[in-house]
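Asker: Have a look at this fold, sequence not included:
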């Protein structure tokens, strides 16, 4: 009677288990499915959050004209105060930016800056220079 080496049997069992795991992983990868973790909390995404994440930020390219007759290039289109570009309504055109309304909220967008929810037309002079005056 032939006796088997216990460590050799264990090695074969481990190799078979790894092979089955890799085969199952490849099968799932081929179908585009991912493994589900039952301990992970559910992700709840609202339609507004998904839309906001998918929508790119508006782009302000230029401001032209004189006070009272200014126009802006907003998202690649020439607009004036009261104009619309897609879902954006331009409320005002300043010498350095625009105030627009989107999604029920007003935002200021200045040249060379990102969008913000500020309602002031310009920052204070100390904020522009970055240095406090004595």
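Answerer: Nice, thanks for sending it over. All values reported here derive from a predicted model rather than from experimental measurement.
Asker: Buried ones in the helix or strand residue 99 falls within, by neighbour count?
Answerer: Using DSSP states H and E, residue 99 maps to strand 97-102. Of the residues in strand 97-102, 97-100 count as buried by neighbour count, 16 or more other CB atoms under 10 Å. The C-beta positions use only the backbone N, C-alpha and C, and glycine is treated the same way.
Asker: Touching it from outside, list them.
Answerer: The set of residues external to strand 97-102 that reach it, using CB atoms under 8 Å, 6 or more residues apart in numbering, is 58, 60, 63, 72, 74, 79, 87-92, 106-111, 113, 119.
Asker: same thing but at 6 Å, please
Answerer: 72, 87-92, 107-110 (CB atoms under 6 Å, 6 or more residues apart in numbering).
Asker: Tell me where the model's unsure across this structure.
Answerer: Along the chain, segments meeting pLDDT under 70 span 1-6, 8, 10, 20, 22, 24-33, 45-53, 113-134.
Asker: Which parts of it are helices?
Answerer: Here the chain has its helices, by DSSP state H, at 6-31, 47-54, 125-129.
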